[in-house]
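Chemist: Fold the following for me, if possible:
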Amino acid sequence: MASRYFKRRWDEFRGDEHAHWGASTWLFEVAEDGYPVRQIEIYDDGPTLRYGSSHNEDEHGFLSNAKLVDTGDWTPWEIAQEEFDLTWTSTG
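Modeler: Numbering: from 1, shown residues only. Modelled structure (predicted):
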């Protein structure tokens, strides 16, 4: 089974000193084992953050270490690889 791709909106704020960035949209590339391998966080009033194998952490956050696919049904948020890759490329 190949990687799967998801896009999900979070209307909650971060709850830290960057809460003014507002709500966010998150995109994930998830490997066969259910763990994210690339992640994009797009904040309404702030930056876009990208995490992957070559940049898995910074002062704002980190690549999720939570298993996504087995923790619930993410099917409603599944997207095509092309949408993820286009967003990854255009935000880098």
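Chemist: Run through this protein and note the low-pLDDT ranges.
Modeler: 1, 71-72 (pLDDT under 70).
Chemist: Would you map the strands across it?
Modeler: 4-10, 24-30, 36-43, 48-51, 57-58, 61-62, 78-79 (DSSP state E).
Chemist: List the contacts of the last one.
Modeler: Here strand 78-79 makes contact (C-beta atoms under 8 Å, 6 or more residues apart in numbering) with 4-7, 27. In short, each C-beta sits where N, CA and C put it, glycine included.
Chemist: partners of that strand in the sheet?
Modeler: The pairing partners recorded for strand 78-79 under DSSP bridges are strand 4-10 (antiparallel).
Chemist: could I get the contacts of strand 78-79 as JSON lines with neighbour count and distance to Gly15?
Modeler: Shown next, in JSON lines, are these (neighbours: other C-beta atoms under 10 Å; distance: C-beta to C-beta, whole Å):
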{"residue": "Arg4", "neighbour count": "19", "distance to Gly15": "28"}
{"residue": "Tyr5", "neighbour count": "21", "distance to Gly15": "27"}
{"residue": "Phe6", "neighbour count": "20", "distance to Gly15": "22"}
{"residue": "Lys7", "neighbour count": "17", "distance to Gly15": "22"}
{"residue": "Leu27", "neighbour count": "22", "distance to Gly15": "21"}
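Chemist: Between the residues you listed, which sits nearest Ala19?
Modeler: Leu27 (21.0 Å; C-beta to C-beta).
Chemist: Quick one: residues contacting the closest residue to that closest one other than its chain neighbours.
Modeler: Of all residues not flanking Leu27 in the chain, Ile40 sits nearest, at 4.3 Å (C-beta to C-beta, 6 or more residues apart in numbering). Listed by C-beta under 8 Å, 6+ apart, the contact set of Ile40 reads 26-28, 48-51, 84, 87-88, 91.
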